[in-house]
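**Student:** turn this into a structure:
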Amino acid sequence: MAKYECNSCGMSVNTSCGNCDTDLVNGSLELEDGSSVQIAECPEGCGKIKSPLCCGEDMSCNI
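**Tutor:** Numbers count the residues shown, from 1 in each chain. Here you go, the predicted model:
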């Protein structure tokens, strides 16, 4: 399961898919400009989301 944690305050969240209840996995999405965005993705193919935010910054995932 992807566990995201805020580097500023320590808040953390576990993520699962709302459609199939499968644990989301950490991943990254490469953008056209060559940069990448951290995402959480359903391994069953239901979709993906940008990583959660806390304290105005992306939460990190250490999987």
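**Student:** pLDDT score for the residue of the chain positioned farthest from its centre?
**Tutor:** Taking C-alpha atoms, centre = their mean, the residue of the chain most remote from its mean C-alpha position is Asp33, at 20.6 Å. In this model, Asp33 is scored at 96, pLDDT.
**Student:** what about it, which SS state?
**Tutor:** Put simply, Asp33 is coil when judged by DSSP: H, G, I helix; E, B strand; the rest coil.
**Student:** distance check, it against Cys61.
**Tutor:** To Cys61, Asp33 is 22 Å away according to C-beta to C-beta, to the nearest Å. (C-beta placed from N, C-alpha, C; glycine too.)
**Student:** same question for Met1.
**Tutor:** 10 Å.
**Student:** more neighbours: which of the two?
**Tutor:** Ranked by neighbour count (other C-beta atoms under 10 Å), Met1 and Cys61 place Cys61 first, with 21 against 12.
**Student:** quickly list what that one is bridged to.
**Tutor:** Beta-bridge partners of Cys61, counted by DSSP bridges, are Tyr4.
**Student:** ok, which stretches of the protein are strands?
**Tutor:** Residue ranges of the strands in the chain, as given by DSSP state E, are 3-5, 12-14, 25-30, 36-41, 48-50, 53-54, 57-58, 60-61.
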